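> Quick check, what structure comes out for this input:
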Amino acid sequence: MGMLKDYLHLMRIEWMVTILIFLLLFLQLGKLRRNSLLLTFVYIALVLTTILGFAGNSEGRLFAGMFVTTQLIAFQKTVLIFGTLLLLMLNHDWLLKHSLLPEFLVLLLSALLGMLFMVSSGNLLLFYIGLELSTIPVAALANFDLERKKSSEAAMKMILSSAFSSGILLFGISLFYGAVGSLSFGELSAQIIVSSPLQILALIFFVAGLGFKLSVVPYHLWTADVYEGSPIAVSSFLSVISKASVAFITITFLYKVFQNLGPVIYPMLMVLILLTLLVGNLFALRQESIRRFLAFSSIAQVGFILVGISAGSMAGSVAVNYFIVVYLFSNLAAFGILSLVETASGKEGFAAFKGLYTQNKFLSWAMAIALFSLAGIPPTAGFFGKLFLIMAGAGKSGVSILFIVIVALNMVISLYYYLKLVRAIFNTEQVQVKVPVSSVSKFALGLCVVAMLLLGLIGNFYEYLKLLH
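Residues are numbered from 1 along each chain as shown. Here you go, the predicted structure:
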């Protein structure tokens with residue numbers, strides 16, 4: 001009985017999502033076609049799960065240490081749940097009209113469940129299973145714009161790139177198992193040594209596999225095409241929720257599991273960070289498609305996340321968790337507004353936003369604040385997020401001042417392409433069509449705007465994250 005209580009308590013977030021998936025399947029079998037009722041039901045379930053994620057968390061292990069939960073891990077999983085709720089609310093209008101809404105929700109929640117298991121993994125086997133569960137449904141979701149040929153192409157590219165990256169990752173895992181004889185994080189941490197060429201080779205394959213999932217340069221080539229072809233709701237899920245889950249588990253790997261390989265990991269990260277920042281920003285400069293623009297923008301944001309991860313300290317971990325929460329609100333708001341504007345205007349690219357301020361002042365200011373936060377302009381929370389990341393990276397012993405200067409200069413480069421879109425929005429010479437916004441989407445968007453403005457000014461949140469560590 002005590003064991004069952006542990007399962008129900010420590011895995012209560014996963015149980016809630018699993019039950020929700022099965023309920024959606026039963027409702028689909030019952031031929032429930034009221035999309036509005038279905039979405040309301042899912043919203044309520046995710047709100048309850050979010051509240052549950054903040055209540056009565058305790059540390060524990062299950063299945064011989066394969067499943068691990070701590071106060072910090074519970075917070076990270078709650079962030080993923082809440083992010084998914086916001087995503088659905090921001091895309092409420094599109095979802096309401098979709099003919100395959102139950103299938104969409106089941107696939108989305110299945111991917112979310114995989115991410116929850118991945119974040120709580122204490123063993124490379126559970127990590128890999130969670131990673132695959134979080135990836136395969138998204139490949140199907142990429143094809144949910146049924147009338148667009150690009151959507152099918154995006155799904156195919158997603159499947160091929162995921163299969164390739166999973167193969168590379170699995171090869172790295174097999175090498176670790178061959179070198180250590182265990183897949184447990186604790187065993188790996190104790191037995192990994194920097195003088196083993198086999199373990200270093202395993203690390204290279206492992207980091208390459210994670211690089212695909214995070215869209216780190218040079219493993220990013222699938223990103224822009226998939227973001228452009230997928231439904232905007234799926235692109236935002238990939239850009240925010242998926243990347244956040246992989247970033248969370250990457251902290252665990254580099255800080256705890258592979259900490260003995262630090263002398264090898266740090267130079268590798270330096271190269272990946274510089275490539276990711278430069279390529280992401282320079283390619284974003286020349287994009288005319290907003291979807292591709294946001295894709296390369298998200299690649300550049302990953303570069304900043306890696307700066308915090310490279311610190312290898314508690315300050316770095318706190319900064320990464322802080323930035324991911326801020327990034328979640330900023331990027332989900334940007335993608336949500338893009339979905340509304342493209343649907344109403346029938347246009348794509350910067351042309352869809354020209355003169356938006358003339359008819360839609362709320363959406364214009366919300367988009368401007370989201371872009372300011374992504375660019376790191378004060379007083380938005382994005383400024384403080386990037387500041388904490390750079391300070392954590394600069395605190396690493398032996399770090400090059402030139403490296404920190406290049407990272408900071410990339411913030412300046414990003415200002416150009418973010419402000420280019422802001423300029424188009426506030427161009428009053430052109431008149432944009434009125435963009436209808438449902439009360440659900442407006443509420444979610446207002447929540448994002450408030451978070452972007454207040455999270456940076458209220459220091460309690462940062463202190464709360466430090467306590468979780």
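
> who touches the helix or strand hosting residue 190?
Using DSSP states H and E, the element containing residue 190 is helix 185-191. The contact list for helix 185-191 (Cβ atoms under 8 Å, 6 or more residues apart in numbering) reads 65, 68, 121-124, 176, 180-182, 252, 256-260. C-betas here are computed from N, CA, C, even on glycine.

> likewise stretch 334-348?
Counting by Cβ under 8 Å, 6+ apart, 87, 90-91, 93-94, 232-233, 235-236, 239-240, 289-291, 294, 352-353, 356, 363, 366-367, 370-371, 374, 432-437, 441, 444-445, 448 sit against stretch 334-348.

> Quick check: which ranges of the stretch 351-469 of the chain have low pLDDT?
Counting by pLDDT under 70, the stretch 351-469 of the chain contains low-confidence ranges at 429-432.

> To clarify, my last question referred to the stretch 101-250 of the chain.
146.

> switch to 90 and redo it
Along the stretch 101-250 of the chain, the model assigns pLDDT under 90 to residues 101-104, 120-125, 132-169, 172-173, 175-239, 242, 249-250.

> Now do the strands in this structure.
60-62, 67-69 (DSSP state E).

> For the first one, which helices and strands make contact with it?
To tie it back to what came earlier, the one meant is strand 60-62. helix 2-10, strand 67-69 (3 or more Cβ pairs under 8 Å, 6 or more residues apart in numbering; DSSP states H and E).

> which one of the ones you listed has the lowest average pLDDT?
Of all the helices and strands packed on strand 60-62, mean pLDDT reaches its minimum on helix 2-10 (a mean of 67).

> Quick check: which of the strands of the chain is buried the most?
strand 67-69 (a mean of 21; mean count of other Cβ atoms under 10 Å).

> Which elements pack onto that strand?
Looks like strand 67-69 contacts strand 60-62 (3+ Cβ pairs under 8 Å, 6+ apart).

> give me that answer again for 10 Å
On a contact count with 3 or more Cβ pairs under 10 Å, 6 or more residues apart in numbering; DSSP states H and E, strand 67-69 meets helix 2-10, helix 12-29, strand 60-62, helix 101-119, helix 124-141.

> For the contacts of helix 185-191, which single residue is the most surrounded?
residue 176 (26 neighbours; other Cβ atoms under 10 Å).

> contacting residues around the residue nearest to it when sequence neighbours are not counted?
Spatial nearest neighbour of residue 176, excluding adjacent residues (Cβ to Cβ, 6 or more residues apart in numbering): residue 202 at 4.6 Å. Residue 202 makes contact with 171-180, 188, 192, 196, 258, 261, according to Cβ atoms under 10 Å, 6 or more residues apart in numbering.

> quick one: residue 202 and residue 54, what's the gap?
37 Å (Cβ to Cβ, to the nearest Å).

> next one: residue 43
Following Cβ to Cβ, the distance that separates residue 43 from residue 54 is 17 Å.

> need the contact list for the closest residue in space to residue 230 that isn't next to it in sequence.
Leaving out its chain neighbours, the residue that sits closest to residue 230 by Cβ to Cβ, 6+ apart is residue 142, at 4.2 Å. Contact analysis of residue 142 by Cβ under 10 Å, 6+ apart lists 150-159, 226-227, 229-231, 234-235, 237-238.

> if we can go back for a sec, dump the strands of the chain to a markdown table, plus distance to residue 276.
As requested, those are exported to a markdown table (distance: least, Cβ to Cβ, whole Å):
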| stretch | distance to residue 276 |
| --- | --- |
| strand 60-62 | 34 |
| strand 67-69 | 29 |
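
> between those, which gets nearest to residue 385?
For residue 385, the closest of these is strand 67-69, at 25.5 Å, according to Cβ to Cβ.

> How far does the closest one sit from its chain's centre?
21 Å (Cα atoms, centre = their mean, to the nearest Å).

> now stretch 134-143
Worked out by Cα atoms, centre = their mean, stretch 134-143 lies 15 Å from the chain centre.

> Now intersect the contacts of stretch 334-348 with the helices, please.
87, 90, 93-94, 232-233, 235-236, 290-291, 294, 363, 366-367, 370-371, 374, 441, 444-445, 448 (DSSP state H).

> Which of the contacts of residue 202 ranks first by neighbour count?
residue 176 (26 neighbours).

> so it makes contact with residue 205?
Yes - using Cβ atoms under 10 Å, residue 176 makes contact with residue 205 at a distance of 9.2 Å.

> hang on, residue 69 packs against residue 120?
Yes - using Cβ under 10 Å as the test, residue 69 is close enough to residue 120 to be in contact (5.5 Å).

> list the residues that contact both of these two?
10, 11, 13, 14, 61, 62, 77.
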